[in-house]
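> Can you look at this prediction? I've put the sequence above it.
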Amino acid sequence: LAKTTQPISMDSYEGQEVNITCSHNNIATNDYITWYQQFPSQGPRFIIQGYKTKVTNEVASLFIPADRKSSTLSLPRVSLSDTAVYYCLVGDEGGKLIFGQGTELSVKP
Amino acid sequence: EPEVTQTPSHQVTQMGQEVILRCVPISNHLYFYWYRQILGQKVEFLVSFYNNEISEKSEIFDDQFSVERPDGSNFTLKIRSTKLEDSAMYFCASSEDRFSGNTIYFGEGSWLTVV
C-alpha cells in the first residue's frame, strides 16, 4: 500500500498559484510531512515541512487539515523556473525517506 | 546555507571496474545516506549510516556496495565491480538526527555511467 498519493502531473501558467495535494491516509501520529523539489539531473531540494495546520516559508505554504490525512503544497505565483518534480513524503521510515513518483509540474509562459 | 557536496559530478567507468563516490555531509550532521536514481525513475534509498556503521540498507545495497567514513568529513560509497545497471545518479544526503521531523538534505549528485 502506497504511503502517499499525489497527481502524476500538473500544468500551470506563469503567475498562477499552484496547489498540489497529497493524500496520506495511513499517516502515523508522529509522522511529519515533507515536500521536496527536484530538477532534472539535480538532487532533491527541501521545500517545506509541517506537522499540522499551516506552515509558510519564503517559497511555499503547506496546509494540513486537522485529520492530517492529506496535505497541500501551495506555490504562489509560479514562474517557468518552478517547472520540476515535487515529492510529498510522510515520516522517515525509521531514518530513510521513501520517494514516490512525485508530481511533474509544468509551468507554461 | 550549508550544503552536501559530492565528487565527482560525472564519472564514466568500464564494467567490472571499482568506483568510489565521495561526499562531504553538512558539518554538524550525524546521519548520512546514499540514494540513487536511474534515469527516468524515482529516487531509491540505498543505505543509511550512523556512528560509523550502517543503520539500514535496502535490497539494492548488496555485497558489491560498501560505505565508509574514512575521516571526520568524508563519506564514501564504493561499488566494487560495476555493472551496466549501476548506471545512475547517486545522491549523498545527511541529517542532524534520524527522527521524524528532521530534514534530510541532498547533494547535487554524482552521475555514474558504466560502459
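Everything's here; your move. Just so it is clear, the model here is predicted, and its values are computed rather than measured.

> For chain B, list the residue farthest from the centre, please.
Largest separation from the mean C-alpha position in chain B: residue B:101, at 21.6 Å (Cα atoms, centre = their mean).

> Can you get me a residue count around residue A:49?
Using other Cβ atoms under 10 Å in any protein chain shown, residue A:49 has 18 neighbouring residues. C-beta here means a position set from N, CA and C on the backbone, and glycine is covered the same way.

> Mind listing the residues bridging to it?
Counting by DSSP bridges, residue A:49 forms beta bridges with residue A:34.

> So it sits against residue A:55, correct?
Yes: shown here, residue A:49 and residue A:55 form a contact pair, counting by Cβ atoms under 8 Å, at 7.2 Å.

> what touches both of these two?
residue A:62 (Cβ atoms under 8 Å, 6 or more residues apart in numbering or on different chains).

> near chain A, which residues of chain B show up?
Where proximity means Cβ under 8 Å from any Cβ of the partner chain, the interface of chain B facing chain A comprises B:4, B:31, B:33, B:35, B:42-45, B:48, B:50, B:55-56, B:89, B:91, B:93, B:98-109, B:111.

> filter those to the buried ones?
B:4, B:31, B:33, B:35, B:43-45, B:48, B:50, B:55-56, B:89, B:91, B:93, B:98, B:100, B:102-109, B:111 (16 or more other Cβ atoms under 10 Å in any protein chain shown).

> Where does the prediction get shaky in chain A?
A:1-2, A:92-95 (pLDDT under 70).

> My error: substitute chain B in the last question.
Ranges of chain B meeting pLDDT under 70: B:99-100.

> make it 90
B:1-2, B:28, B:40, B:42, B:56, B:70-73, B:96-104 (pLDDT under 90).

> Grab the most central residue of it for me.
Note: chain B centre (Cα atoms, centre = their mean) maps to residue B:34, 2.9 Å.

> what kind of secondary structure is that residue in?
strand (DSSP: H, G, I helix; E, B strand; the rest coil).

> show me the contacts for it.
B:21, B:23, B:46, B:47, B:67, B:77, B:90, B:91, B:92, B:93.

> how near is it to chain A?
Going from residue B:34 to chain A by Cβ to the nearest Cβ, to the nearest Å gives 10 Å.

> Quick check: bridge partners of that residue?
Beta-bridge pairing for residue B:34 (DSSP bridges): residue B:47, residue B:92.

> ok, now how distant is it from residue B:66?
According to Cβ to Cβ, to the nearest Å, residue B:34 and residue B:66 sit 11 Å apart.

> list residues touching both of those two?
By Cβ under 8 Å, 6+ apart, the residues touching both residue B:34 and residue B:66 are residue B:77.

> Can you tell me which of the contacts of residue B:34 is nearest residue A:39?
residue B:91 (12.9 Å; Cβ to Cβ).
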